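[1] Give me a model of this one.
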Amino acid sequence: MNTITAKEFTEIECSDRSYELEDYETETPRWCKGCGDFGVLSVVQKYLQEKQVDPESVVCCSGIGCSSRLPHYMKTYGFHSIHGRALPVATGVALMRPDLQVLVVMGDGDCFSIGGNHWLHAARYNMNATVLVLDNEVYALTKKQVSPTTRAGTLTNTTPRGAYVGGLNPLSVYMGISNRSFLAQTATWLPGHLEKTFRAAWEHKGLSFVRVLQRCPVFMPDAFDAGGVNFPALFLDGGDEGIPVEKGFLKKSPTVKHDFTDVNAAQKIAQTEDMEPIGLIYKNTDTPTYQDIRESRIAHLSRSELVSKLNEEINKYSVQPK
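    Numbering: from 1, shown residues only. The predicted structure follows:
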């Protein structure tokens with residue numbers, strides 16, 4: 001009778017295993033009807049299933065907000081942190097467990113307001129993670145408060161006479177950060193483009209930052225022209241290496257050729273005022289990740305060298321025989 005070891009049995013089990021969509025799903029999501037968060041969750045789960053990514057190799061981190069419930073609906077490791085602190089948690093995970101794949105999900109208030117300082121430095125460190133910011137231009141979970149990206153004149157419960165100043169442009173700010181390596185923008189009402197954008201972000205080595213435009217069907221139903229056909233979008237054609245342009249029903253939106261490897265061209269696109277650029281804005285595969293920099297400066301010792309140095313250190317605090 002042929003016998004196999006426990007190790008061989010485990011290897012056989014792992015090699016024959018295939019993941020179904022349900023292997024990435026937990027409870028039924030509890031978001032408002034018509035919320036774009038459903039679409040983002042679906043894209044993430046379907047991509048992981050398509051690529052047969054081991055659920056136990058993924059960590060999903062979030063802060064506080066409607067979008068931050070996403071880790072609860074992923075059958076992966078997850079960390080639902082406090083307001084604005086998703087990126088510090090993700091940084092710790094990425095540095096200490098480089099074998100894991102890190103996904104960060106935040107809202108506009110969560111990332112750009114209370115988490116703004118962490119956002120800037122996470123980009124500068126260029127850790128290996130995929131960051132999705134679901135931007136509906138309002139604090140939705142706390143019932144329609146003005147957020148950093150709320151447009152001037154918008155009526156909210158904290159600006160009943162209209163927001164006094166124009167909203168923050170996250171794209172332009174991001175392009176001003178040193179060591180950034182990936183920036184893209186998409187929208188939940190463009191599911192094909194959203195899927196391709198997530199795919200490009202996930203497969204990029206470094207910090208992939210994706211701003212996902214979405215309306216809040218309860219408190220900001222008219223944002224971005226309610227995701228309608230007259231939304232002023234500018235599609236970016238980056239060629240074979242870019243994100244394919246899929247206009248869908250936005251047939252009136254222009255398309256421009258864009259070199260996403262040119263930092264000056266990317267900053268110019270990021271500063272577009274009359275339209276929202278949709279596509280890959282910037283990508284630099286040569287930007288070193290913080291993990292790579294850190295690893296290159298760590299001395300790797302053999303076991304004998306490690307024991308020798310450890311004994312040497314311990315001897316400093318012990319009485320030596322005369």
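[2] need the strands for the stretch 1-150 of the chain, in chain order.
    With DSSP state E, counting those that start in this stretch as the criterion, the stretch 1-150 of the chain has strands at 58-62, 77-80, 101-107, 129-135.
[3] so which of these is the most packed in?
    Most buried of those by mean neighbour count (mean count of other Cβ atoms under 10 Å) is strand 101-107; its value is a mean of 28. No exception for glycine: its C-beta is placed from N, CA and C like everyone else's.
[4] for it, packing partners?
    Contacts defined by 3 or more Cβ pairs under 8 Å, 6 or more residues apart in numbering; DSSP states H and E place strand 101-107 against strand 58-62, helix 86-96, strand 129-135.
[5] if we go to 10 Å?
    Counting contacts by 3 or more Cβ pairs under 10 Å, 6 or more residues apart in numbering; DSSP states H and E, strand 101-107 is packed against helix 37-50, strand 58-62, strand 77-80, helix 86-96, helix 116-125, strand 129-135, helix 191-202, strand 207-213.
[6] In this model residue 197 seems to touch residue 213, though I could be wrong.
    No. Counting by Cβ atoms under 10 Å, residue 213 sits too far from residue 197 to count as a contact (11.2 Å).
[7] residues touching the spatially most central residue of the chain, list them.
    What sits nearest the mean C-alpha location of the chain, by Cα atoms, centre = their mean, is residue 131, with 1.2 Å. Applying Cβ atoms under 10 Å, 6 or more residues apart in numbering, we find residue 131 in contact with 61, 86-87, 90, 102-106, 111, 119, 122-123, 182, 201, 207-211.
[8] if we go to 6 Å?
    Contact partners of residue 131, counting by Cβ atoms under 6 Å, 6 or more residues apart in numbering, are 104, 209.
[9] Show me what it bridges to in the sheet.
    With DSSP bridges applied, residue 131 shows beta-bridge pairing to residue 104, residue 209.
[10] Next, work out how far apart it and residue 183 are.
    Noted for residue 131: a distance of 10 Å to residue 183, by Cβ to Cβ, to the nearest Å.
[11] Residues in contact with both of those two, list them for me.
    Counting by Cβ under 6 Å, 6+ apart, the shared contacts of residue 131 and residue 183 are residue 209.
[12] picking that back up, in TSV, list the helices and strands packed on strand 101-107 along with mean pLDDT and distance to residue 232.
    Output for the helices and strands packed on strand 101-107, formatted as TSV (pLDDT from 0 to 100; distance: least, Cβ to Cβ, whole Å):
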stretch	mean pLDDT	distance to residue 232
helix 37-50	97	21
strand 58-62	98	30
strand 77-80	96	35
helix 86-96	95	30
helix 116-125	94	26
strand 129-135	97	16
helix 191-202	96	16
strand 207-213	97	12
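[13] Out of these, the one nearest residue 226 is which?
    When those are compared by Cβ to Cβ, strand 207-213 sits nearest residue 226, at 11.8 Å.
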